[in-house]
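**Q** have a look at this prediction, sequence included:
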Amino acid sequence: MPDSDVSEGRVYATQREDAETEARFPPLIRVRNGTSKPEDVFVAVRYRDRWFWIDDRDTHSKSTFYFLMIMFSFTERGVIGQAAPIVTVPTN
């Protein structure tokens with residue numbers, strides 16, 4: 001996450017893991033960010049003058065993102081006024 005978002009109180013600061021811990025327990029999804037439009041990405045979005053994306057070579061993050069999109073599609077029923085199914089995703 002951008003340091004400016006942490007300092008402005010938009011997001012909580014997260015603890016960075018050392019290389020050994022991250023190798024043993026990789027993040028479920030890695031979203032990168034920057035000020036210029038990224039090249040060769042799987043998915044990207046511009047938000048508040050910054051770009052956020054998943055790299056096209058990050059197969060683990062791509063599969064996690066794809067899985068989440070499928071889960072969210074279960075809530076799109078096309079019927080107004082009917083309760084959507086509840087999906088619980090455990091996170092650490």
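**A** Perfect, thanks for sending it.
**Q** only C-alpha atoms from now on, for both contacts and neighbour counts.
**A** Noted.
**Q** so which bits of stretch 53-71 are buried?
**A** 53-55, 61-62, 65 (16 or more other Cα atoms under 10 Å).
**Q** what's the burial count for residue 32?
**A** 14 (other Cα atoms under 10 Å).
**Q** what pLDDT, on average, does stretch 18-37 get?
**A** For stretch 18-37, mean pLDDT rounds to 89.
**Q** list the buried residues for it?
**A** Under 16+ other Cα under 10 Å, the buried positions of stretch 18-37 are 30, 33.
**Q** that one spans what distance, first to last residue?
**A** Length of stretch 18-37, first residue to last, Cα to Cα, to the nearest Å: 29 Å.
**Q** what's the spacing between it and its chain's center?
**A** 10 Å (Cα atoms, centre = their mean, to the nearest Å).
**Q** stretch 33-49 too?
**A** 13 Å.
**Q** contacting residues around that stretch?
**A** 1-2, 50-57, 62 (Cα atoms under 8 Å, 6 or more residues apart in numbering).
**Q** and the residues you listed, which of them are in strands?
**A** Under the assignment DSSP state E, the contacts of stretch 33-49 contribute 50-55 to strands.
**Q** which residues does residue 52 form beta bridges with?
**A** Under DSSP bridges, the beta-bridge partners of residue 52 are residue 33, residue 45.
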